[in-house]
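Undergrad: A predicted structure for the sequence below; I have some questions about it.
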Amino acid sequence: MRTAIFLSTLLLAWPSRGDTPDTVFLDELTWTEVRDAIASGTTTLIVATAGTEQNGPHLTLAKHRVTIQAAADGIARELGNALVAPIINYVPEGGIDPPTGAMRYPGTLSLPNVYFMKVLEYAARSSRVHGFTDIVFIGDSGGNQKGMREVSEALNEEWRGDKTRVHFIAEYYSDNGFTEWLESQGEELEAIGRHAGIAGTSQVLAFAPEHVRMDKLAPNGGFEGSGVTGDPSRATVDYGKKLIELKVDVSVRRIKELIAAER
């Protein structure tokens, strides 16, 4: 009886329309929908890299994923001709034996850079086969940047003269105006921090608040070795929205510049 009630409820909730969903995420489309989108001019694919790492006692290990998911969605919609590949969550996070970096904290998953680069390379190669002509790499973690740059440079050299190009957007991570804007709001560098502080916490609070443990917010995580630098208790939803806006704006501007330069 309970099963019958559950199935009836599920069927009632099931979408009855056959329209293409309002999404920019590749894996939320069928292959024919992707084919038609490419044929209609959606030839930019964003390959976004996140990470599964410790973010102190107040943020889940999904911080980078939920942050870059919100930013990539905004970038793709602003560009108007882009889709977003499945977010890459397996990235370099430190050594395994002995554990170093974020790997010293339970739950962190690390992939050696050489294998991370292979994932990027074949995401790009696969996309080129299907007709994407502009492949964009953006990364929400510092450990991702070197690999993305090297793969983009290697593939662009190999594909010299080809219509498909790979664009690494370093500005998304390193030159987005985060710190300067927060300072203009009166925040001190010590409070802003470098990891899971105001910036990281605000973005998650704005776009995926279920990943924030509000009762654990404390300066520097509240104890030595927490994995936090900064004061996440000063995070706000408005800060988070503004910071994602800054990431979207700088990325869209740089993507357009690079594409124009190649044409």
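TA: The structure has been received and is ready for your questions.
Undergrad: longest single helix anywhere in this structure?
TA: If you go by DSSP state H, the chain has its longest helix at helix 237-262.
Undergrad: Okay, now the unreliable bits of the protein?
TA: In the predicted model, the chain carries pLDDT under 70 at residues 1-18.
Undergrad: Return the list of helices and strands in contact with the longest helix of the chain.
TA: Identification of packing neighbours for helix 237-262 by 3 or more Cβ pairs under 8 Å, 6 or more residues apart in numbering; DSSP states H and E yields helix 63-79, strand 134-139, strand 165-168, helix 171-174, helix 178-184, helix 198-207. Yep, even glycine has a C-beta here, placed from its N, CA and C like the rest.
Undergrad: out of the ones you listed, deepest packed?
TA: With neighbours taken as mean count of other Cβ atoms under 10 Å, the helices and strands packed on helix 237-262 reach their highest mean count in strand 134-139, at a mean of 27.
Undergrad: mind listing what the residue nearest in space to the middle of the chain touches?
TA: What sits nearest the mean C-alpha location of the chain, by Cα atoms, centre = their mean, is residue 68, with 2.4 Å. By Cβ atoms under 8 Å, 6 or more residues apart in numbering, residue 68 lies in contact with 48-50, 87, 138-140.
Undergrad: I'd like the residues you listed written out as a markdown table, with distance to residue 77 added.
TA: Output for these, formatted as a markdown table (distance: Cβ to Cβ, whole Å):
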| residue | distance to residue 77 |
| --- | --- |
| 48 | 14 |
| 49 | 20 |
| 50 | 19 |
| 87 | 16 |
| 138 | 15 |
| 139 | 20 |
| 140 | 18 |
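Undergrad: Name the nearest of these relative to residue 120.
TA: For the contacts of residue 68, the closest approach to residue 120 (Cβ to Cβ) belongs to residue 49, at 7.5 Å.
Undergrad: Report how many residues lie close to that closest one.
TA: Close neighbours of residue 49, defined as other Cβ atoms under 10 Å, add up to 29.
Undergrad: residues in contact with it?
TA: 68, 87-88, 91, 116, 120, 137-141, 144, 148.
Undergrad: So which of the residues you listed is the closest to residue 167?
TA: The closest of the contacts of residue 49, once distances to residue 167 are taken by Cβ to Cβ, is residue 137, at 7.0 Å.
Undergrad: I'd like to know how far the nearest residue to that closest one once chain neighbours are set aside sits from residue 219.
TA: With Cβ to Cβ, 6 or more residues apart in numbering as the criterion, residue 137 has its nearest non-adjacent residue at 4.2 Å, and that residue is residue 148. As for residue 148, its distance to residue 219 is 32 Å (criterion: Cβ to Cβ, to the nearest Å).
Undergrad: ok, these two, which is more surrounded?
TA: Set residue 148 next to residue 219 and count neighbours by other Cβ under 10 Å: residue 148 wins out with 26 against 17.
Undergrad: The nearest residue to residue 54 once chain neighbours are set aside and residue 230, how far apart?
TA: Nearest residue to residue 54 in three dimensions, chain neighbours excluded: residue 105, at 3.5 Å (Cβ to Cβ, 6+ apart). Going from residue 105 to residue 230 by Cβ to Cβ gives 17 Å.
Undergrad: the more surrounded of these two?
TA: Ranked by neighbour count (other Cβ under 10 Å), residue 105 and residue 230 place residue 230 first, with 26 against 18.
Undergrad: Residue 61: neighbour count?
TA: Neighbourhood size, residue 61 [other Cβ under 10 Å]: 19.
Undergrad: That one: what's it in contact with?
TA: Listed by Cβ under 8 Å, 6+ apart, the contact set of residue 61 reads 52-55, 107-108.
Undergrad: what does residue 204 give?
TA: Each residue near residue 204 by Cβ under 8 Å, 6+ apart is listed here: 59, 63, 66-67, 211-212, 240.
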